[in-house]
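Engineer: turn this into a structure:
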Amino acid sequence: FLGPKVPEATPDNPTRFWIHKKAGEISLTVTVTMPDKYPSDAPPTFGVEGESLERAHCDAIEELLDEQASYMPGMACIATSVLVLDDLDLSTLDLGIPGRCRSIFKIDVVNNSKRFTKSLKSAAAGSPCVYYYRTIECQNNAKFSFAVDPWRAVYVICDAADKKTAVGYMKTVRTDGAMDMDMLGKPGRIQLTVLEEFEMLPKAKSVAEEGGFAGTEYRTDKDLDELMNSFLAAAA
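Structural biologist: Numbers count the residues shown, from 1 in each chain. Okay, here's the model as predicted:
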């Protein structure tokens, strides 16, 4: 028992205690934090530690306990939730996919969107990839006389299986001399700005299914935020 006693607990100083549990051959310590005025609609929270356990296993067990507690809102659920550990099989835990790397970059202008999307899909080579774009009205603009369905403010997100694949992908999009067409209608490189490159959390949602490749037009900054925010490093 870590304290304080239940009648003395406050939201800023909740009641906490340890439960030592045997899960197969693994000894676990579960730190339980009780919500104010337990039992209540707010569930308890669980922290798990165990000798010889990787952090990914502990996180998965915590999610399992959280899931059990969520089925019993307003009820005394701690003891029942912890019972799920009695038959715990570590091999069945969902640990996600470790090692994936996400690359996010922006291109100010794409002159030939048909050429660009074909080149981008080739560079992704089966890695999940999405892009968000705004169109350009250019019928009477001599600057875009050779343009084919041009775009502006294009954002690209690609999820590679590992860092090596991510590095290879970014090298391709940076150096490919035919990623787009220039103002004279000749093959050319793209000018990009890297926004984020990071290793994803093991259970972070991918931008698409394996091999997925898709684009979405957006019209406002709000539209873009709704499309992108859940894929940024702060969330993934």
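Engineer: bridged to C158, which residues?
Structural biologist: S103, C129 (DSSP bridges).
Engineer: what's the neighbour count on it?
Structural biologist: Using other CB atoms under 10 Å, C158 has 26 other residues around it. (C-beta placed from N, C-alpha, C; glycine too.)
Engineer: list the contacts for it?
Structural biologist: 102-103, 124, 127-129, 166, 169, 207 (CB atoms under 8 Å, 6 or more residues apart in numbering).
Engineer: ok, and what's touching the worst-scoring helix or strand of the chain on mean pLDDT?
Structural biologist: One helix or strand of the chain scores below all others by mean pLDDT, DSSP states H and E: strand 180-181, with a mean of 84. Under the contact criterion CB under 8 Å, 6+ apart, strand 180-181 has outside partners 110-112, 115-116, 119, 146-148, 187-190.
Engineer: make it 7 Å
Structural biologist: 110-112, 115-116, 146, 187-188, 190 (CB atoms under 7 Å, 6 or more residues apart in numbering).
Engineer: any idea which of those residues is closest to T31?
Structural biologist: Proximity of the contacts of strand 180-181 to T31 (CB to CB) peaks at I190, which lies at 50.1 Å.
Engineer: what about the contacts of strand 180-181, which are in helices?
Structural biologist: Under the assignment DSSP state H, those contribute 115-116 to helices.
Engineer: now do the strands in the chain.
Structural biologist: For the chain, strands defined by DSSP state E occupy the ranges 16-23, 26-33, 45-50, 101-110, 129-135, 151-160, 180-181, 187-188, 192-199, 213-217.
Engineer: starting at the chain centroid, how far to the fifth one?
Structural biologist: This means strand 129-135. 18 Å (CA atoms, centre = their mean, to the nearest Å).
Engineer: between it and strand 213-217, how big is the angle?
Structural biologist: Between strand 129-135 and strand 213-217, the angle comes out at 30 degrees (axes from the mean of the first three to the mean of the last three CA atoms, to 10 degrees).
Engineer: contacts for strand 129-135?
Structural biologist: By CB under 7 Å, 6+ apart, strand 129-135 touches 120, 151-158, 207-208, 213-218, 224, 227-228.
Engineer: let's see that with 8 Å instead.
Structural biologist: By CB under 8 Å, 6+ apart, strand 129-135 touches 110, 113, 117, 120-121, 149-159, 207-208, 212-219, 224, 227-228.
Engineer: dump that strand to PDB, keeping only the CA atoms.
Structural biologist: Output in PDB follows, covering the C-alpha atoms of strand 129-135 (Å, rounded to 0.1, in the frame of the first residue of the first chain):
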ATOM      1  CA  CYS A 129       2.400   6.400 -48.800                       C
ATOM      2  CA  VAL A 130      -0.200   9.200 -48.900                       C
ATOM      3  CA  TYR A 131      -0.100  12.700 -50.200                       C
ATOM      4  CA  TYR A 132      -2.200  15.800 -49.700                       C
ATOM      5  CA  TYR A 133      -2.400  18.600 -52.200                       C
ATOM      6  CA  ARG A 134      -4.000  21.800 -53.400                       C
ATOM      7  CA  THR A 135      -4.800  22.500 -57.000                       C
END
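Engineer: any idea how far E51 is from the closest residue to S52 other than its chain neighbours?
Structural biologist: Using CB to CB, 6 or more residues apart in numbering and skipping residues adjacent in sequence, the residue nearest S52 is I26, 7.0 Å away. I26 sits 8 Å away from E51, taking CB to CB, to the nearest Å as the criterion.
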